[in-house]
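>>> here is the input, now give the coordinates:
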Amino acid sequence: MTNIKKYEGIIPAFYACYDKDGNVDLAAAKKLTQWFIDKGVQGLYVGGSSGECIYQSKEERKAVLEAVMEVAKGKLTVIAHIACNNTADSKELAAHAESLGVDAIASIPPIYFKLPPYAIAKYWNDMSDAAPNTDFIIYNIPQLAGVALSVPLLNEMMKNPRCIGVKNSSMPTQDIQMWRDEGIKQNRDFVVFNGPDEQLISGLVMGATGGIGGTYGAMPELYVELYRCVKAGEMAKALEIQNDCCRIIYKMCSGHGNMYGMIKEILRINGGPDCGSVRLPLAALVESDLPIAQEAAKMIREAEAKYC
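Below you'll find the model as predicted:
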């Protein structure tokens, strides 16, 4: 039986790290991993959307995970997102992740072609079979993948004992309750992560085990404190933190460049590691974005001083 306690808490989605020439920067990835350890987060979600996985090669993704595990193993819960556009490459990444000792692997559904549920289940189970000693987590993000998890598909996947949870990035918090109920019906310890950062408090109230989020890395102390407040029943403070996090997110998304480029600039401003920029076709920051990054960074510092 999987110990689900290791999945409880705040798990930032790990950012892609590049050097000035746009190559994957493994030294920066190691520094970012240690920075997260120092911030007191529960774990890391490596190779997902924030990690720009669809714009990295299979070998780059392996190298990044190796760098993270070199620093994080035994210190953080590590979930490796291993989905590729074809099953063979996904299986290769799954086996590689297991060889490194990750806690879980995760996958979005196949993208582009609209596949029937039985084909999606086979895609997921094939990669899970390639990592037979590792937990498997479904990544439900219909607004980007174009496919939404359903109760029948979840029940099919739960025939696989390694399928222990869902990273739920659909917007309705009701989905969190539905996935939890399916686990309860089968008398299983089932993990459900809140995905949308703007509604972490709502997801936790609906029963989410923890959160995996793309903006957690910009302000980890705030999300760690929000989680603590919810668990302690300090809901008024938790709501204040959530509202301020939302305002910061809106500011980060108000520029020309991609949000992850903005977050990386904010990290530099606030003394975090230098993770470079984003990889094309994601839009890099332009000159007019820099004052926005400064303002967002200041909002984060002020919120941390207020709540943490």
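>>> strands along this protein, start to end?
Assigned by DSSP state E, the chain shows strands spanning 9-12, 43-46, 77-81, 104-107, 135-140, 163-168, 191-194, 210-213.
>>> to Lys237, which of these lies closest?
Lys237 lies closest to strand 9-12 among these, at 15.9 Å (CB to CB). (C-beta placed from N, C-alpha, C; glycine too.)
>>> what is the neighbour count of Ile241?
Using other CB atoms under 10 Å, Ile241 has 26 neighbouring residues.
>>> for Pro132, what are its contacts?
Pro132 sits next to 98, 162 when contact means CB atoms under 8 Å, 6 or more residues apart in numbering.
>>> which ones are touching the spatially closest residue to Leu144 that is not a sequence neighbour?
Computed as CB to CB, 6 or more residues apart in numbering, the closest residue to Leu144 that is not its neighbour in sequence is Ser49, at 7.1 Å. Taking CB under 8 Å, 6+ apart, we find Ser49 in contact with 13, 141, 144, 214.
>>> recalculate using a threshold of 10 Å.
By CB atoms under 10 Å, 6 or more residues apart in numbering, the contact list for Ser49 reads 13, 16, 81, 108, 139, 141, 144, 169, 195, 214, 260.
>>> equivalent analysis for Val191, please.
Contact analysis of Val191 by CB under 10 Å, 6+ apart lists 2, 4, 6-8, 104, 135, 137, 164-167, 179-180, 183, 208-210.
>>> ok, now how distant is it from Leu226?
To Leu226, Val191 is 19 Å away according to CB to CB, to the nearest Å.
>>> where does pLDDT dip in this structure?
Counting by pLDDT under 70, the chain contains low-confidence ranges at 1.
>>> quick one: the helices in it, in order.
Along the chain, counting by DSSP state H, helices occupy 26-39, 58-72, 87-100, 117-129, 142-145, 151-157, 174-185, 200-205, 220-232, 235-252, 259-269, 290-307.
>>> next, format those helices as JSON lines and append distance to Ala284.
Shown next, in JSON lines, are those (distance: least, CB to CB, whole Å):
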{"stretch": "helix 26-39", "distance to Ala284": "17"}
{"stretch": "helix 58-72", "distance to Ala284": "19"}
{"stretch": "helix 87-100", "distance to Ala284": "27"}
{"stretch": "helix 117-129", "distance to Ala284": "32"}
{"stretch": "helix 142-145", "distance to Ala284": "20"}
{"stretch": "helix 151-157", "distance to Ala284": "37"}
{"stretch": "helix 174-185", "distance to Ala284": "34"}
{"stretch": "helix 200-205", "distance to Ala284": "28"}
{"stretch": "helix 220-232", "distance to Ala284": "24"}
{"stretch": "helix 235-252", "distance to Ala284": "15"}
{"stretch": "helix 259-269", "distance to Ala284": "5"}
{"stretch": "helix 290-307", "distance to Ala284": "12"}
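>>> contacts only, for the closest residue to Arg279 other than its chain neighbours.
Using CB to CB, 6+ apart and skipping residues adjacent in sequence, the residue nearest Arg279 is Tyr55, 4.6 Å away. Taking CB under 10 Å, 6+ apart, we find Tyr55 in contact with 16, 278-282.
>>> return a ChimeraX selection command for the buried portion of these.
Remark: buried members of those, expressed as a ChimeraX selection using 16 or more other CB atoms under 10 Å:
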select :16,278,279
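>>> my guess is Asn140 contacts Asp175, does it?
Yes. Using CB atoms under 10 Å, Asn140 is in contact with Asp175, at 7.3 Å.
>>> could you count how many residues lie near the nearest residue to Thr77 once chain neighbours are set aside?
Of all residues not flanking Thr77 in the chain, Gly43 sits nearest, at 3.1 Å (CB to CB, 6+ apart). Residues within reach of Gly43, counting by other CB under 10 Å, total 24.
>>> one step back: TSV for the strands of the chain, including distance to Pro291?
Shown next, in TSV, are the strands of the chain (distance: least, CB to CB, whole Å):
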stretch	distance to Pro291
strand 9-12	26
strand 43-46	30
strand 77-81	33
strand 104-107	36
strand 135-140	35
strand 163-168	34
strand 191-194	31
strand 210-213	25
